[in-house]
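Participant: here's my sequence, what's the structure:
(one chain, ligands or ions: 2)
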Amino acid sequence: MSHPHDQADQLFPRERAEIAPGAVHVPDWLAPELRRELLAACREWARPPAGLRTVRTPGGGQMTARQVCLGRHWYPYGYARTVVDGDGAPVKPFPELLGRLAREAVRAAYGAEAQPVAYGADAPPSAYDTAYDTAYDIALINFYDTEARMGMHRDSDERADAPVVSLSLGDSCLFRLGNTEHRGRPYTDVELRSGDLFVFGGPSRLAYHGVPKVYPGTGDPALAMGPGRLNITLRVSGLPD
Ligand SMILES: O=C(O)CCC(=O)C(=O)O
Ligand SMILES: [Fe+2]
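Facilitator: Ligands and ions are numbered 1, 2, ... in the order given. Model prediction:
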């Protein structure tokens, strides 16, 4: 079956776009082979112990996207080395593959500004310098079924200002990038599809963002994945070892 967007993509190729300062969408960044490798890896990471879980929020609710973490375990609202709000197992290690991908992603998103050649005592400070050669050490992997959503929030439990790198697999979604002040307008809506990269750093690092909708039946013909969407965010914790 052909992808519902294939024809439109040929007529109107989706372009890399900076949708807010420091927030860059790079369509189709992941090659199909790498998408398949990541999907297979996510399936392994999702297994217990320290596997895919439902996140309960302090107010008594629960997140509709299910989550598995690598490197550090995220819970509302902090990081731990074990699944403190689940089976108590040690979090799985953060794999070097994801560290490499994160660094390449930052370069792909910001281009020359993030090149190491811009470094050195005389180089003007760039919002992205720290990101480029910083060790990414956390992955949060969210699985959305077609009903799942994620409310507007900020990624503010890290202690570093390196950009957040987001990779999407499976069904497309509506991704909403807001402002740094509050959950409301102004915001910009972007459709994220399987294989897309989205990076938010610099002035957008603490912008509110969320996923109001997953589009059923838009899945990736390169993946045998079934309905739903996977999102992998890669982060620098800035936490002591
Ligand atoms: O699924 C997405 O695209 C965003 C995920 C997200 O905001 C998060 O994990 O903090
Ligand atoms: Fe987030």
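Participant: so Asp196 makes contact with Asp171?
Facilitator: No - in this structure Asp196 lies outside contact range of Asp171 using CB atoms under 8 Å: 12.0 Å. For glycine as for every other residue, the C-beta is placed from the backbone atoms N, C-alpha and C.
Participant: could you measure from the residue lying closest to Ala65 once chain neighbours are set aside over to ligand 1?
Facilitator: What sits nearest to Ala65 in space, not counting adjacent residues and going by CB to CB, 6 or more residues apart in numbering, is Asn142, at 4.2 Å. Distance from Asn142 to ligand 1, counting by CB to the nearest ligand atom, to the nearest Å: 5 Å.
Participant: helix or strand: which one has the residue of the chain found nearest ligand 1?
Facilitator: The nearest approach of the chain to ligand 1 comes at Asn231, 3.2 Å away (CB to the nearest ligand atom). Assigned by DSSP states H and E, Asn231 belongs to strand 229-235.
Participant: the chain: strands as residue ranges?
Facilitator: 17-20, 23-26, 66-70, 73-75, 78-80, 138-144, 150-153, 164-170, 173-177, 188-192, 197-200, 209-214, 229-235 (DSSP state E).
Participant: quick revisit: near the closest residue to the residue of the chain closest to ligand 1 other than its chain neighbours, how many residues? Count them for me, please.
Facilitator: Closest residue to Asn231 apart from its sequence neighbours, by CB to CB, 6+ apart: Asn142 at 4.8 Å. Each residue near Asn142 was counted by other CB atoms under 10 Å, and the total is 22.
Participant: in this structure Asn142 contacts Thr64, no?
Facilitator: No - using CB under 8 Å, Asn142 is not in contact with Thr64; the gap is 9.7 Å.
Participant: and for the two, which residues touch both?
Facilitator: Residues touching both Asn142 and Thr64 (CB atoms under 8 Å, 6 or more residues apart in numbering): Met150.
Participant: check contacts around the residue nearest to Ala65.
Facilitator: Contacts here follow CB under 8 Å, 6+ apart; on that basis Asn142 touches 65-67, 150, 230-231, 233.
Participant: in CSV: these, plus pLDDT and neighbour count.
Facilitator: Putting those into CSV (pLDDT from 0 to 100; neighbours: other CB atoms under 10 Å) gives the following:
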residue, pLDDT, neighbour count
Ala65, 98, 22
Arg66, 98, 19
Gln67, 98, 20
Met150, 98, 19
Leu230, 98, 23
Asn231, 98, 23
Thr233, 98, 18
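Participant: could you identify the most distant pair in the residues you listed?
Facilitator: The largest separation in the contacts of Asn142, counting by CB to CB, is between Arg66 and Thr233 at 14.4 Å.
Participant: where in this structure is pLDDT low?
Facilitator: Residue ranges of the chain with pLDDT under 70: 1-10, 112-134.
Participant: one more pass at 50, please.
Facilitator: The model of the chain has pLDDT under 50 over residues 1-2, 115-128, 130-131.
Participant: residues in contact with Ser172?
Facilitator: By CB under 8 Å, 6+ apart, the contact set of Ser172 is 5, 191-194, 214-215, 218, 229.
Participant: who are the packing partners of the strand holding Asn231?
Facilitator: Under the contact definition 3 or more CB pairs under 8 Å, 6 or more residues apart in numbering; DSSP states H and E, strand 229-235 sits against helix 32-45, helix 96-110, strand 138-144, strand 164-170.
Participant: comparing these, which comes out most buried?
Facilitator: strand 164-170 (a mean of 26; mean count of other CB atoms under 10 Å).
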